[in-house]
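S.K.: give me coordinates for this.
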Amino acid sequence: MEEKLLPLLLSILAIGFSMIFTGANLLYGDINEDGSIDSTDLTIIKRVLLKKLTIDNITAADLDGDGEVTSTDLSLLKRYLLKKISKFPVESADHAPGSTDNCVPTIIKTPEPTPPITRPSTPTPTPTPKSTLTPSPTRIPTPTPKGKTTPTPWIIWEHTFTPTKLPSPTPKISH
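M.R.: Next up, the predicted model:
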């Protein structure tokens, strides 16, 4: 019986030590476990949130310590990569999952909204009735000018032409 108990005890110890060392080597934010926190890890979180990828161990991706990978974790990783924060909330010593004790409130003043532009309403113009002129025949003949008339120059295609009176053709009489 002791011969069977020894291998069982050794395997339990080996598993226990591997779990301890795995936890000690955990680097929050290093989701692909390549030893560095970079844009590849950010891409993995995005794909997990879009349900295009699943990860087995979410511990490195759960940066706020709430037990799940959310858009908050994505935002924290972005802020870390942009050097806005130096560590994740899950790494703080007093962090308890779900607690907000270590959060620092930030007051953000929202700008006053600009009032909407109101334009004065212009009345819709009412169409004026069109007066229709109906020409009626006139019985007064139009007078024709008598005497010598002065020819009026015409401008066509940027050339000036002065009309001249041509001699009337003489009829030819044949015998």
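S.K.: look up how far residue 69 lies from residue 46.
M.R.: Distance from residue 46 to residue 69, counting by Cβ to Cβ, to the nearest Å: 11 Å. Any C-beta I mention is one placed from the backbone N, CA and C, and that applies to glycine too.
S.K.: residue 112 now?
M.R.: 37 Å.
S.K.: these two: who's more crowded?
M.R.: Ranked by neighbour count (other Cβ atoms under 10 Å), residue 112 and residue 69 place residue 69 first, with 21 against 6.
S.K.: where do the helices sit along the chain?
M.R.: With helices called from DSSP state H, the chain shows them at 2-24, 39-49, 71-81.
S.K.: any idea of the pLDDT on the residue lying closest to residue 30 once chain neighbours are set aside?
M.R.: Distances taken as Cβ to Cβ, 6 or more residues apart in numbering place residue 37 nearest to residue 30, at 5.2 Å, with adjacent residues excluded. Looking at residue 37, its pLDDT is 94.
S.K.: can I assume residue 37 is in contact with residue 45?
M.R.: No - between residue 37 and residue 45 there is no contact under Cβ atoms under 8 Å: 11.1 Å.
S.K.: more neighbours: which of the two?
M.R.: Neighbours were tallied for residue 37 and for residue 45 using other Cβ under 10 Å; the higher tally belongs to residue 45 (25 against 19).
S.K.: that one contacts residue 62, doesn't it?
M.R.: No - counting by Cβ under 8 Å, residue 45 does not reach residue 62; the two are 10.1 Å apart.
S.K.: shared neighbours, these two?
M.R.: Shared contacts of residue 45 and residue 62, defined by Cβ atoms under 8 Å, 6 or more residues apart in numbering, comprise 69, 73.
S.K.: now for the closest residue to residue 80 other than its chain neighbours: which residues touch it?
M.R.: Excluding the flanking residues, the one nearest residue 80 by Cβ to Cβ, 6+ apart is residue 29, at 6.0 Å. Residue 29 makes contact with 37, 41, 60, 61, 63, 77, 80, 88, according to Cβ under 8 Å, 6+ apart.
S.K.: contacting residues around stretch 166-175?
M.R.: Where contact means Cβ under 8 Å, 6+ apart, no residue beyond stretch 166-175 reaches it.
S.K.: look up how far residue 27 lies from residue 83.
M.R.: Residue 83 is 17 Å from residue 27, by Cβ to Cβ.
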